[in-house]
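Student: Quick one: sequence plus predicted model below, questions after.
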Amino acid sequence: MSYRAAAALSLSLLSGSVLADTDIQPATAPNPAAPATVGRQPGVELDLLLGVFIGARVKGIVYSANSFNLAIEGLAGYSFLGFDLFSARNTTTYGGGIRSEFVLASAGRHALMLSPGLDVYDLPSDGSAWLAPNVDLNGLYQISRHFGLVYGLKGGAAIDLRGSRTYPALTRGDTGADAELYIGARF
């Protein structure tokens, strides 16, 4: 007889009823239809970003722990890095980075996460490259085990690593804001 069965039998004898071995169930039976712990499973996330960077982000969660995820990400779109009042330097932008996700709170199908990261943006048309330490504050609504909706804010700074070849000329070390709103889906 297992430990659980013995404990259940003891409790039933104390309460005056005897249970058969087949009537004993674990305290919490797993529900295969229920989602995994919200925000704590590997997967892929696709986001649309709107702000200083306008485009798409693909994020792959490569490591998942109890309250921590590690992800790599790729970005493609247009950016306004180095923006000033006299010229809106929007240019095609590609990038990549690494991000950690910390689950601050979760309840039911909802999770609130704080996700610090480091991105590198390449603007091939003007020759500049930007290093952008930033933080996401995002929410996740887990619809099913392998599908959820993501929404959030991303904010940080961007530092020009190379300068630019075009007007207005930027020099290495110039800084700019990196701020976006986003919505997406996690699979």
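Tutor: Alright, I've got the coordinates.
Student: make it CA atoms for all contacts and neighbour counts henceforth
Tutor: Fine.
Student: Just give the closest residue to Ala158, not the sequence neighbours.
Tutor: By the measure of CA to CA, 6 or more residues apart in numbering, the closest residue to Ala158 outside its immediate chain neighbours is Ala132, 4.2 Å from it.
Student: surely the one you found meets Asp122?
Tutor: No: taking contacts as CA atoms under 8 Å, Ala132 lies outside contact range of Asp122: 11.1 Å.
Student: isn't there a strand covering Leu131?
Tutor: Yes: counting by DSSP: H, G, I helix; E, B strand; the rest coil, Leu131 is part of a strand.
Student: any idea how far Met113 is from the residue positioned nearest the centre of the chain?
Tutor: Residue closest to the mean C-alpha point of the chain, counted by CA atoms, centre = their mean, is Glu101 at 5.7 Å. Plainly put, Glu101 is 6 Å away from Met113 if you go by CA to CA, to the nearest Å.
Student: what touches both of the two?
Tutor: Residues touching both Glu101 and Met113 do not exist when contact is defined as CA atoms under 8 Å, 6 or more residues apart in numbering.
Student: Enumerate every residue touching the residue nearest to the centre of the chain.
Tutor: Glu101 sits next to Phe68, Asn69, Leu70, Ala71, Met113, Leu114, Ser115, Pro116 when contact means CA under 8 Å, 6+ apart.
Student: mind listing which of those residues are in strands?
Tutor: Phe68, Asn69, Leu70, Ala71, Met113, Leu114, Ser115, Pro116 (DSSP state E).
Student: Skipping adjacent residues, who's closest to the first one in space?
Tutor: To tie it back to what came earlier, the one meant is Phe68. Distances taken as CA to CA, 6+ apart put Phe102 closest to Phe68, at 4.8 Å, once the chain neighbours are dropped.
Student: which ones are touching the residue lying closest to Ile98 once chain neighbours are set aside?
Tutor: With sequence-adjacent residues excluded and distances taken as CA to CA, 6+ apart, Ile98 is closest to Ile72, at 4.5 Å. Ile72 sits next to Lys59, Gly60, Ile61, Val62, Gly96, Gly97, Ile98, Arg99 when contact means CA under 8 Å, 6+ apart.
Student: what's around the residue nearest to the fourth one when sequence neighbours are not counted, how many residues?
Tutor: Read that as Val62. In space, and not counting its chain neighbours, Val62 is closest to Ala71: 5.4 Å by CA to CA, 6+ apart. Ala71: 22 surrounding residues under other CA atoms under 10 Å.
Student: so what's Ala71 up against?
Tutor: In this structure, Ala71 makes contact with Lys59, Gly60, Ile61, Val62, Tyr63, Ile98, Arg99, Ser100, Glu101, judged by CA under 8 Å, 6+ apart.
Student: ok, what's across the strand from it?
Tutor: Per DSSP bridges, residues listed as beta-bridge partners of Ala71: Ile61, Arg99.
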